[in-house]
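Novice: Need a 3D model of the sequence below.
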Amino acid sequence: MGTVDIRQVVHDLRNRIAPIRNVLYLMRLRGANDPKFAESIAIIERQIEGMGKILDDVSEAAQAAGKAAAEPAQTPRDASSDASNDASSDASSDAEDAGARSRRILIADDSPAVCESFGAILRDLGHEVRAARDGQEAVDIATAWIPDFVMLDVNMPKINGYEAARRLRSRFPSSKMRLVMISGANIDSGVLEAARQAGFDQCLDKLLDFSALRKMLGE
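Specialist: Purely as a prediction, here's the structure:
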């Protein structure tokens, strides 16, 4: 049996958890007036948030072990990767804000579950949404459609999210089109720097902080 890449395992598991969390949030938005339904959702949400935190800790421990092999040092937890939030409060606020400012949003991710669940949330909030399943398709759709926001996964077929961002940024300034990385891995300082160099305006963890998402779309 070969060596297990802990960071890849964490990345893959987070990609599996993200659509579940999105669907739960969507269920909360649509069933906000049913307290018994909301209680059941809250239980599942707490378990998912707990799993997300465990995966973050495992990923950080693996990174720290790698760095320690060359130069012992402590790796601080990056606050931007913590997706924990009050989902109940977020859902209530989003339900009130739905339709306030409609945006054109392109989601680019090779995971159908991520595209469908994230897109459903955004549509329920009153936004117009399209999806792409690879980096080249994302560039083509964005160039023709000119969305307000392009949400790009990093690991996609044909061209990755970084290259897609570079191509779009060379044509469209941030004032015309905002590029947002949606990452299945921990968003550490290295990821943030790579995103900045590629032309991304912001980064979001796939285990979404829905209050941060709402604020971003309201800008």
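Novice: Pull out the buried positions in stretch 29-45.
Specialist: 29, 32, 38, 41, 45 (16 or more other C-beta atoms under 10 Å). (C-beta placed from N, C-alpha, C; glycine too.)
Novice: Sorry, wrong one. I was asking about stretch 174-185.
Specialist: Residues of stretch 174-185 classed as buried by neighbour count (16+ other C-beta under 10 Å): 177-185.
Novice: now stretch 199-217
Specialist: 199-210, 212-214, 216-217.
Novice: Just the ones of the residues you listed in strands?
Specialist: 202-205 (DSSP state E).
Novice: Just checking, which of those residues comes out lowest on pLDDT?
Specialist: Checked by pLDDT, these have Asp205 as the lowest-scoring entry (88).
Novice: Show me where this protein has its helices.
Specialist: Using DSSP state H, the helices found in the chain span residues 6-30, 35-70, 87-97, 112-124, 135-145, 161-171, 189-198, 210-218.
Novice: got those as a markdown table, with mean pLDDT and distance to Asn155 columns?
Specialist: Output for the helices of the chain, formatted as a markdown table (pLDDT from 0 to 100; distance: least, C-beta to C-beta, whole Å):
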| stretch | mean pLDDT | distance to Asn155 |
| --- | --- | --- |
| helix 6-30 | 85 | 8 |
| helix 35-70 | 76 | 15 |
| helix 87-97 | 53 | 26 |
| helix 112-124 | 94 | 12 |
| helix 135-145 | 98 | 10 |
| helix 161-171 | 98 | 7 |
| helix 189-198 | 93 | 12 |
| helix 210-218 | 89 | 21 |
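Novice: Of the ones you listed, which is nearest Arg104?
Specialist: Closest approach to Arg104 among the helices of the chain is made by helix 135-145 (6.8 Å; C-beta to C-beta).
Novice: And the closest one, what's buried?
Specialist: Across helix 135-145, burial judged by 16+ other C-beta under 10 Å covers 135-139, 141-142.
Novice: I figured Met181 hits Gln202, correct?
Specialist: Yes - if you go by C-beta atoms under 8 Å, Met181 and Gln202 touch, sitting 7.3 Å apart.
Novice: if we can go back for a sec, among the buried residues of stretch 174-185, which ones are in strands?
Specialist: Per DSSP E, the subset of those in strands is 178-183.
Novice: for those, which one is nearest Arg103?
Specialist: Looking across those and measuring by C-beta to C-beta, the closest to Arg103 is Arg178, at 9.4 Å.
Novice: which residues pair with the closest one across the strands?
Specialist: For Arg178, the beta-bridge partners under DSSP bridges are Phe149.
Novice: Mind putting the ones in strands among the buried residues of stretch 199-217 into CSV with distance to Met151?
Specialist: Formatted as CSV, those follow (distance: C-beta to C-beta, whole Å):
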residue, distance to Met151
Gln202, 10
Cys203, 11
Leu204, 7
Asp205, 12
